[in-house]
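Asker: my questions are about this predicted structure, shown below with the sequence.
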2 protein chains.
Amino acid sequence: MPVTRSHPLFIVHTGAMRGKSTAAFGLALRAWAAGLPVGVYQFVKSGKWRPGEEAALLALGRVHAETGEGASVTWHTLGQGWLTPGSHHATPTPACDPAPASDTSTKVNNHRMAAVAGWRAVQRDLAAAHHGCLVLDELTYPIAWGWLDAGEVIETIRSRPGFQHVIVTGRDADQRLIEAADLVVEMTKVKHPFDTGRRGQRGIEW
Amino acid sequence: MPVTRSHPLFIVHTGAMRGKSTAAFGLALRAWAAGLPVGVYQFVKSGKWRPGEEAALLALGRVHAETGEGASVTWHTLGQGWLTPGSHHATPTPACDPAPASDTSTKVNNHRMAAVAGWRAVQRDLAAAHHGCLVLDELTYPIAWGWLDAGEVIETIRSRPGFQHVIVTGRDADQRLIEAADLVVEMTKVKHPFDTGRRGQRGIEW
């Protein structure tokens, strides 16, 4: 399968347009078919996020369990369901402030702890080479908010053993991530005619 | 499911970077989970194209047949296996010439006939509202080569009955397609460090 060629890739999907995670899950499809165990860590959970992709990929995991076709699929959801950084309007500004403004709230602290715990789990998975394709969805946000150290993330990914593709998604990827990645794709909005009238709904859809 | 909200979308994934089709297949995952029958028409077949995505989506179709979860999946492959316009280097130039230079060859004529026949099948599918999510992969190329009329393609998509998302992928999408689409995403290459030494392999992989 194409995805198994060459060396394991560190890929970043960034940019202001939706499609970053969608393309990562499309790549996970290919990995599954190539027999590479797929792992997904969802670093930011919003009210309406990716139940469709989760259901479909988990169905493929069941196909593997029942028939041996493809590979296993595991899915980990983090976060507390209150942030929607993938939406078109409610993104906290990371550059000026290491954490969202309401940093003292319990929700933020819970989310931060969940993100850090999730990252530790990713480190253990990578060290054990549990997966052949690991999607770290929206990982750019906890890095941007200062919850995770970009240098540590990069070093962990760089030193991973075995054959493990790693795909990081999210807006505003740290420049150090972009420098460290083998491949960076930016999703750009060319046209989005209903921006004004239907932004919220459309942001959820896409 | 998010993808079922609002009205059916006509989406174009274009740009020079790989990921256009991958993101379309990721969207098909979501559609499958939402119970929307998925159809794929592959308008250009190269020697190494998308067997992984095909195997994974067809496995999901079998899950639906066996358990009722998700939706049906159909996959149609066109072309003659000799063109690789998705690669980084072998793309015929469409703007100056309505068809590849070797237009008199049997292969080109076969490919052209297959593309036209495939498009007629798409027209029938759309008129019958067979699918809820139709991926027309690499459709931009037969349009660019003058094999299919952009105006007819747009009119067919615009006048489709029922609830059918349509996703067109491929480089250099005709400006009329971009104007007609509800949503256009461009995949841009930010970084691709092995371009020089490993272009061919990387182009196939990604």
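Answerer: Structure received. Residues are numbered from 1 along each chain as shown, chains lettered A, B, ... in the order given.

Asker: beyond whichever helix in chain A runs longest, next helix or strand please.
Answerer: For chain A, the helix with the greatest residue count under DSSP state H is helix A:106-128. Moving toward the C-terminus from helix A:106-128, the next helix or strand (DSSP states H and E) is strand A:133-137.

Asker: residues in contact with that following strand?
Answerer: A:3, A:21, A:24-25, A:27-28, A:31-32, A:36-44, A:50, A:122, A:125-126, A:164-170 (Cβ atoms under 8 Å, 6 or more residues apart in numbering or on different chains). C-beta coordinates here come from the backbone N, C-alpha and C atoms, glycine included.

Asker: ok, which of the residues you listed also contact chain B?
Answerer: When contact is defined as Cβ under 8 Å from any Cβ of the partner chain, these meet chain B at A:3, A:21, A:24-25, A:27, A:31-32, A:50.

Asker: would you mind measuring from the residue nearest to the spatial centre of chain A to A:L183?
Answerer: Nearest to the mean C-alpha position of chain A, by Cα atoms, centre = their mean, lies A:D137 at 0.9 Å. Computed as Cβ to Cβ, to the nearest Å, the A:D137 to A:L183 distance reads 17 Å.

Asker: cool, and A:G170?
Answerer: Taking Cβ to Cβ, one finds A:G170 at 15 Å from A:L183.

Asker: looking at these two, which is more packed in?
Answerer: Per other Cβ atoms under 10 Å in any protein chain shown, whichever of A:G170 and A:L183 has more neighbours is A:G170, with 26 against 22.

Asker: got any ranges where chain A has weak pLDDT?
Answerer: Scanning chain A for pLDDT under 70 picks out A:1-6, A:45-49, A:79-104, A:191-206.

Asker: all strands for chain A, in order.
Answerer: A:10-14, A:38-42, A:73-77, A:133-137, A:165-169, A:183-191 (DSSP state E).

Asker: in the longest one, which residues are buried?
Answerer: Same thing as strand A:183-191. Of all the residues in strand A:183-191, those buried under the rule 16 or more other Cβ atoms under 10 Å in any protein chain shown are A:183-190.

Asker: ok, back up a step: same list, the ones next to chain B among the contacts of strand A:133-137, but as CSV with distance to A:L57 and neighbour count please.
Answerer: Converted to CSV, these look like this (distance: Cβ to Cβ, whole Å; neighbours: other Cβ atoms under 10 Å in any protein chain shown):
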residue, distance to A:L57, neighbour count
A:V3, 15, 23
A:S21, 12, 24
A:A24, 11, 26
A:F25, 7, 27
A:L27, 11, 28
A:A31, 10, 29
A:W32, 7, 30
A:R50, 9, 26
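
Asker: just name the closest of those to chain B, please.
Answerer: Set against chain B, the nearest of these by Cβ to the nearest Cβ is A:F25 (4.4 Å).

Asker: contact partners for that closest one?
Answerer: A:40, A:50, A:53, A:57, A:135, B:26, B:29.

Asker: gap between the spatially closest residue to A:A127 that is not a sequence neighbour and A:L126?
Answerer: Using Cβ to Cβ, 6 or more residues apart in numbering or on different chains and skipping residues adjacent in sequence, the residue nearest A:A127 is A:P161, 7.1 Å away. To A:L126, A:P161 is 8 Å away according to Cβ to Cβ.

Asker: okay, these two: which has more neighbours?
Answerer: It is A:L126, of A:P161 and A:L126, that has more neighbours when counted by other Cβ under 10 Å, with 21 against 10.

Asker: with that, I have no additional questions.
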